[in-house]
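>>> got a predicted model here, sequence first, then my questions.
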Amino acid sequence: MTRARRLVMVFVVAATAAVPAGAHAAATGGIDSVVVFADRARVTRTRTARCEQGTARAVFDRLPAALDSRTLRGEAHGQTDVIGLASELVNERDAADPRARALLAAIDKTQTDIKIKDARRATVADELNDVGAFSDVFTATLTEDMRNPRPDTAAWRKTLDGLSARRAALADERRKLDVALRALQLTLGMQQRQLQALGGSERERAYRTAVVTVGCRAQHEVTAAVSYVVPGAGWQPEYDVDFSPRGRGKTGPGAARITVGARIRQTTGEDWSHVRLQLSTARPKLGSEAPQPAPLVVDGYEQRRAKVLVQAQERRERLETGGGAQAAGPQSAALDDKGNAFVLTLPHAIDVAADGRPVWAPVDVVEAQATVKLVATPALDDHVYQLVSLNNPAAYPLLEGRVRSYRAGSYVGDSKLTHQGVGAPFEISLGIDEELKVERKTLDDKDMGAGFLSSTKHVVRGYRTTITNRAAGSETVELRESIPVSKIDDVKVELAKRTTPGYKLDAARGFVTWSLTLKSGEWRYTDIGYAIHLPDDWQLPGR
């Protein structure tokens, strides 16, 4: 079978090692480097071309048809000039599945073998016919020679032996050819059935060809490059955090080793084989137009609206761990760089097939001093967690992504990292501490209207949290609570006197924390209460 043929800051980390792939790409027109964005990639190919009469034509075949032709750019290295760049779309028929391509190649070989053996079998048949005809001639000659008074019987015997041996050899070869042909036919049938099971043999595919014309300036050979942007590629950050404590206790100082990695996948239509790869958080926008002003009309009607108290709670991520009650971190991460784009360079060339399967690659390794502590946030979860506290030691922000946590090399679970700027403090969960028990109950949940001599009503809330230490030794737990923060002058929030002493209050954020040391088998409780005071003409939601 034949087939037709924003403010942008750039950080670059981990210097790219020199690889022989560049020389190979220059010789063949293959991919030299790739910059992967959140939803697309910029690919650069290079190749050498010989100069003839002062110019050279570097031809780049089989570029993806999906590439944005507006982004095609030609370059030339050294003392040369790019004269022009042309491209065209080429259609061909090819197998859609890599397995189908392999089967088509195998079918081609099997069919070729069948043709060869068929031709040989026809030749053997012709030779057998020739031997039969010669036997007839020899029989007639022998009949005539028998009248000779002195017949040459030795010659007769030699001729008969030769004819018999030749006939036997040809017959044996024909039998072997028949057996081989039957086996090849069976193989061909099996291959065709396998190809059919894959959904068909061929489909029409389109490719693009680009030609970079270079002015040589008296050089005999030039190196040209073509770059283009193609959709169907992206990457997501992932991290491994391994905390090594200095002591044997659950809490205390230690060192954290952060491996910054990336999950890369692409379906661009071309495999990236042994290429230099960069990961960018920039968001290139192609074909966007500047907005134009339009008439702005103000209209409306009068409506009496009552003041309503809305208790809004700032989003706080639940401490997630592979061993806890909650699911692991996000399945995919948005490349939220907070307006500061940066680039990460992989230290080694890698392979990424165009089949959509993710490829994990390490990008950088950084280390920092860290501290592990026991933390309970009973309003969000009824467990005590081991948390590693550290500052971002990398020279670039850490984007939101999945974290695999380890303690002294032992895997403890998955969690999630939110965006962290350079030097920013953050915490990573090492999982639940099963030897500490947390219980929380409500003490107060009431709304009190304004009194006879008062125009203020009150919302009262109170909670009690009990922590029990079932570990063999003493443990210190940081208990975290929160109270509402008012951003309205008419509404006041007051921490109740019943709140257990010894707390630290972050009034700006409404965080209340205790440090509780419990001996083995000891339990302690803490109370927290607060009241919201608001004018009587304000309504309470749901009341």
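That came through, no problem. Since the model is a prediction, treat every value here as computed from it, not as a measurement.

>>> hang on, isn't Glu88 packed against Leu72?
No: between Glu88 and Leu72 there is no contact under C-beta atoms under 8 Å: 11.4 Å. For every residue, glycine as well, the C-beta is placed using N, CA and C.

>>> who does the longest helix anywhere in the chain touch, helix- and strand-wise?
Using DSSP state H to define each element, the chain has its longest helix at helix 98-145. Judged by 3 or more C-beta pairs under 8 Å, 6 or more residues apart in numbering; DSSP states H and E, the packing partners of helix 98-145 are helix 153-197.

>>> rounded mean pLDDT for whatever helix or strand comes next after the helix it packs on, please.
Following helix 153-197 in sequence order, the next helix or strand is strand 203-215 (DSSP states H and E). Across strand 203-215, the average pLDDT comes to 82.

>>> then stretch 371-379?
Here the average pLDDT along stretch 371-379 is 93.

>>> neighbour count: Glu88 and Leu72, which is higher?
Higher neighbour count among Glu88 and Leu72: Leu72, with 19 against 10, using other C-beta atoms under 10 Å.

>>> name the element the nearest residue to that one once chain neighbours are set aside belongs to?
Nearest non-adjacent residue to Leu72, counting by C-beta to C-beta, 6 or more residues apart in numbering: Tyr228, 5.0 Å away. Tyr228 is part of strand 221-231 when elements are defined by DSSP H and E.

>>> helices and strands around that strand, which ones?
strand 40-50, strand 55-64, strand 68-76, strand 203-215.

>>> closest to Gly254 out of those strands?
Taking C-beta to C-beta, strand 40-50 is the member of the helices and strands packed on strand 221-231 nearest to Gly254, at 39.0 Å.

>>> which of the helices and strands packed on strand 221-231 is buried the deepest?
Ranked by mean neighbour count under mean count of other C-beta atoms under 10 Å, the helices and strands packed on strand 221-231 are led by strand 40-50, which reaches a mean of 21.

>>> that one pairs with which strands?
Paired strands of strand 40-50, with direction, are strand 31-36 (antiparallel), strand 221-231 (antiparallel) (DSSP bridges).

>>> for the record, mean pLDDT for that strand?
Mean pLDDT, computed over strand 40-50, is 92.

>>> centre of the chain to that strand, how far?
Distance, stretch centre to chain centre, for strand 40-50: 23 Å (C-alpha atoms, centre = their mean, to the nearest Å).

>>> same check on stretch 116-124?
On the basis of C-alpha atoms, centre = their mean, stretch 116-124 sits 53 Å off its chain's mean C-alpha point.

>>> now it: mean pLDDT?
Averaged across stretch 116-124, pLDDT comes to 86.

>>> and it, what's buried?
Within stretch 116-124, the residues scored as buried using 16 or more other C-beta atoms under 10 Å are 117, 121, 124.

>>> between the helices and strands packed on strand 221-231, which one is closest to Ile258.
With C-beta to C-beta as the yardstick, what comes closest out of the helices and strands packed on strand 221-231 is strand 40-50 (25.9 Å).

>>> could you check the angle strand 55-64 makes with the closest one?
150 degrees (axes from the mean of the first three to the mean of the last three C-alpha atoms, to 10 degrees).

>>> how deep is Ala218 tucked in, by neighbour count?
Neighbour count for Ala218, taken as other C-beta under 10 Å: 7.

>>> so Lys373 versus Lys519, what's the distance?
As for Lys373, its distance to Lys519 is 18 Å (criterion: C-beta to C-beta, to the nearest Å).

>>> neighbour count winner among those two?
Neighbour count, other C-beta under 10 Å: between Lys373 and Lys519, Lys373 has more, with 17 against 12.

>>> so that one bridges to which residues?
Beta-bridge partners recorded for Lys373 (DSSP bridges): Leu387.

>>> that one contacts Leu387, correct?
Yes: counting by C-beta under 8 Å, Leu387 is a contact partner of Lys373 at 5.8 Å.

>>> returning to what we had before: which among the helices and strands packed on strand 221-231 is found nearest to Tyr411?
Tyr411 sits nearest to strand 40-50 of all the helices and strands packed on strand 221-231, at 31.9 Å, using C-beta to C-beta.

>>> now Leu392, nearest residue through space, not along the chain?
One correction, residue 392 is Asn, not Leu. Spatially, and ignoring its direct neighbours in sequence, Asn392 is nearest to Gln420 (4.6 Å; C-beta to C-beta, 6+ apart).

>>> could the strands paired with strand 40-50 go into JSON lines alongside distance to Ala105 and mean neighbour count?
Formatted as JSON lines, these follow (distance: least, C-beta to C-beta, whole Å; neighbours: other C-beta atoms under 10 Å):
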{"stretch": "strand 31-36", "distance to Ala105": "23", "mean neighbour count": "22"}
{"stretch": "strand 221-231", "distance to Ala105": "27", "mean neighbour count": "21"}
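
>>> out of the ones you listed, nearest to Gln191?
Closest among the strands paired with strand 40-50, using C-beta to C-beta: strand 31-36, at 31.7 Å.

>>> can you give me how far the closest one is from the chain middle?
Relative to its parent chain, strand 31-36 has a centroid offset of 15 Å by C-alpha atoms, centre = their mean.

>>> before we move on, the earlier item: I'd like the distance from the longest helix of the chain to the chain centre, please.
55 Å.

>>> please apply the same query to stretch 384-394.
With C-alpha atoms, centre = their mean, you get 26 Å for stretch 384-394.

>>> dump the strands paired with strand 40-50 into CSV; add distance to Ala354 as well.
Formatted as CSV, the strands paired with strand 40-50 follow (distance: least, C-beta to C-beta, whole Å):
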stretch, distance to Ala354
strand 31-36, 11
strand 221-231, 10
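
>>> ok, which of those comes nearest Gly132?
Ranking those by proximity to Gly132 (C-beta to C-beta) places strand 31-36 first, at 62.7 Å.

>>> keeping just the C-alphas, turn that closest one into PDB.
Presented in PDB, the C-alpha positions along strand 31-36 are these (Å, rounded to 0.1, in the frame of the first residue of the first chain):
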ATOM      1  CA  ILE A  31      12.700  21.400  16.900                       C
ATOM      2  CA  ASP A  32      15.400  23.300  18.700                       C
ATOM      3  CA  SER A  33      13.500  24.900  21.600                       C
ATOM      4  CA  VAL A  34       9.900  25.500  22.900                       C
ATOM      5  CA  VAL A  35       8.400  28.100  25.100                       C
ATOM      6  CA  VAL A  36       5.200  26.700  26.800                       C
END
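
>>> which intervals of the chain have sub-threshold pLDDT?
Across the chain, the ranges flagged by pLDDT under 70 are 1-29, 92-97, 136-153, 155-156, 199-205, 285-340, 450-454, 539-543.

>>> one step back: rebuild the buried residues of stretch 116-124 as a markdown table, extending it with distance to Gly252.
Converted to a markdown table, the buried residues of stretch 116-124 look like this (distance: C-beta to C-beta, whole Å):
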| residue | distance to Gly252 |
| --- | --- |
| Lys117 | 78 |
| Arg121 | 84 |
| Val124 | 87 |
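
>>> tell me what the nearest residue to Leu399 once chain neighbours are set aside is bridged to.
Distances taken as C-beta to C-beta, 6+ apart put Pro237 closest to Leu399, at 4.6 Å, once the chain neighbours are dropped. Applying DSSP bridges to Pro237 gives these bridge partners: Ala262.

>>> in this structure Pro237 contacts Ile264, no?
No: using C-beta under 8 Å, Pro237 is not in contact with Ile264, being 10.6 Å away.

>>> OK, contacts around Pro245?
252-254, 372, 407-408 (C-beta atoms under 8 Å, 6 or more residues apart in numbering).

>>> of those, select the buried ones using a PyMOL command.
A single PyMOL command selects the buried members of the contacts of Pro245 (16+ other C-beta under 10 Å):
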select buried, resi 254+372+407
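
>>> from the contacts of Pro245, which ones fall inside strands?
In this view, the contacts of Pro245 that belong to strands under DSSP state E are 252-254, 372, 407.

>>> for the residues you listed, which one is nearest Asp433?
Using C-beta to C-beta, Val372 is the member of these that sits closest to Asp433, with 10.6 Å.

>>> brilliant, that's me finished.
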